[in-house]
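Chemist: predicted model follows, preceded by the sequence.
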Amino acid sequence: MVTMQNKLSSRDKAVVIGTLTSFLVSFLVLRLSGFSASTMVNSQNYIVKTMILSTTGMTTLGALYTALKPFTYVFISLVFFTLAISILSYYGCKNYNKRVGIIAGLLSAACAVIIFETLWGAFLALAVFLCGYYAPQFSNTYSKELKRWVFFRTGSNTAGKVMFMANILISLGLFFAVLQSQATYETMFRQDLTDSMKSIVMSTPGASLLPQDTINQKINTAISSSTLFQAYIRWLPVMTAFGAWVVLEFLRNVVLANLSGVFTFILLKKSENT
């Protein structure tokens, strides 16, 4: 028989629903953005094509906007991911029931597995569960230890800790996903690189006068004989995972941890006034 201590209060249920909803929106936005492991694999080619071809004649700000525009939905997804952690941070400051974080983490992890039916999705689910499990605990501890800017720093410190763990797991998921299908990603990367080089060659004066077969042959020969290309393919799983980790860590330190501090501050202030 369930004791009163084990029953979830209305506030507990609201926290579970709010956390689950925020994570679910994050996953759906990420899915609709078209982001995948192949996106990270071909990110270098995208940067080359964007910087050299797509931004010709633009100002620096215009070129920067064009380059970052496709990642808008990914950033929005991360904002909702951060909001979910902030809700758990808010809860940990006020009261602590270990089951709330576990239930919210398990339900959100199940959604991640359903929406992303890949090996990477399994790692994402594990990362989400750990966020749900540890965020209230860290928040509860920080709220008691901190003396200044308690509300903000509780949220930022909690998000910084749990998102660090999540970033490692997400990057490991990318590593194993690319490693599992390395031959497929090699073909994909080679084709994308070939298209990029061909676009660059065709943009030079007089290139349109050359036979297309000759251009294609020279590009394929250059790629096949390149030791740099072979080395990059060999290290493709590592480079993809490391690149994702660097970007995620940059966003965590500069933007997302502070954003979580703001979210947590607002939630705690609002709860004080009600």
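Modeler: That came in fine, so what should we check first? All figures in this text were calculated on a predicted structure; none of them were measured in a lab.

Chemist: what is the burial count for L68?
Modeler: Neighbours of L68 under the rule other Cβ atoms under 10 Å: 12. Any C-beta I mention is one placed from the backbone N, CA and C, and that applies to glycine too.

Chemist: please identify which helix or strand holds it.
Modeler: Assessed by DSSP states H and E, L68 sits inside helix 60-68.

Chemist: cool, and G132?
Modeler: helix 119-145.

Chemist: the bottom helix or strand of this structure by mean pLDDT?
Modeler: Ranked by mean pLDDT, DSSP states H and E, the helix or strand of the chain with the weakest confidence is helix 43-49, at a mean of 63.

Chemist: hmm, back to that, tell me what the helix holding G132 is packed against?
Modeler: Of the remaining helices and strands, those touching helix 119-145 by 3 or more Cβ pairs under 8 Å, 6 or more residues apart in numbering; DSSP states H and E are helix 72-94, helix 98-115, helix 150-180.

Chemist: and the longest one, what other elements does it pack with?
Modeler: If contacts are counted by 3+ Cβ pairs under 8 Å, 6+ apart, helix 150-180 sits against helix 37-41, helix 72-94, helix 119-145, helix 236-251, helix 257-272.

Chemist: count of residues packed around the nearest residue to V238 once chain neighbours are set aside?
Modeler: Spatial nearest neighbour of V238, excluding adjacent residues (Cβ to Cβ, 6 or more residues apart in numbering): F175 at 6.7 Å. Neighbours of F175 under the rule other Cβ under 10 Å: 22.

Chemist: try I168
Modeler: Neighbour count for I168, taken as other Cβ under 10 Å: 17.

Chemist: that one contacts W245, doesn't it?
Modeler: Yes: I168 lies in contact with W245 (Cβ atoms under 8 Å); the separation is 7.2 Å.

Chemist: roughly how far does R190 sit from G105?
Modeler: 40 Å (Cβ to Cβ, to the nearest Å).

Chemist: oh, that last question was meant for E186, not what I typed.
Modeler: According to Cβ to Cβ, E186 and G105 sit 36 Å apart.

Chemist: those two - which one has more neighbours?
Modeler: Shown here are E186 and G105; by other Cβ under 10 Å, G105 has more neighbours (28 against 18).

Chemist: which residues touch that one?
Modeler: G105 makes contact with V128, F129, L130, C131, G132, Y133, according to Cβ atoms under 8 Å, 6 or more residues apart in numbering.

Chemist: my guess is the fifth one contacts G101. True?
Modeler: Yes: using Cβ under 8 Å, G132 makes contact with G101 at a distance of 4.8 Å.

Chemist: mind listing the shared neighbours of the two?
Modeler: Residues touching both G132 and G101 (Cβ under 8 Å, 6+ apart): L88.

Chemist: mind listing what's buried in stretch 149-162?
Modeler: Residues of stretch 149-162 classed as buried: 150-162 (neighbour count, 16 or more other Cβ atoms under 10 Å).

Chemist: again with stretch 19-28
Modeler: Applying 16+ other Cβ under 10 Å to stretch 19-28 flags T19, L20, S22, F23, L24, V25, S26, F27 as buried.

Chemist: and it, how far from the chain's centre?
Modeler: Stretch 19-28 sits 13 Å away from the centroid of its parent chain (Cα atoms, centre = their mean, to the nearest Å).

Chemist: alpha carbons only: can I get that stretch in CSV?
Modeler: Taking Å, rounded to 0.1, in the frame of the first residue of the first chain, the C-alpha atoms of stretch 19-28 are listed here in CSV:
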residue,chain,number,x,y,z
THR,A,19,9.4,18.9,-17.2
LEU,A,20,8.0,16.3,-19.5
THR,A,21,6.3,18.9,-21.7
SER,A,22,9.5,21.0,-22.0
PHE,A,23,11.6,17.9,-22.9
LEU,A,24,9.0,16.8,-25.3
VAL,A,25,8.9,20.1,-27.1
SER,A,26,12.7,20.1,-27.2
PHE,A,27,12.7,16.7,-28.9
LEU,A,28,10.0,17.5,-31.4
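
Chemist: could you shift the numbering so residue one becomes 40, and keep it that way?
Modeler: Okay, residue one is now 40; in that scheme the one you just asked about reads as stretch 58-67.

Chemist: pLDDT (mean, whole number) over it?
Modeler: For stretch 58-67, mean pLDDT is 97.

Chemist: so what touches that stretch?
Modeler: Stretch 58-67 is contacted by residues 116-120, 122-123, 126-127, 143, 146-147, 150-151, 154-155, 167, 171 when judged by Cβ under 8 Å, 6+ apart.
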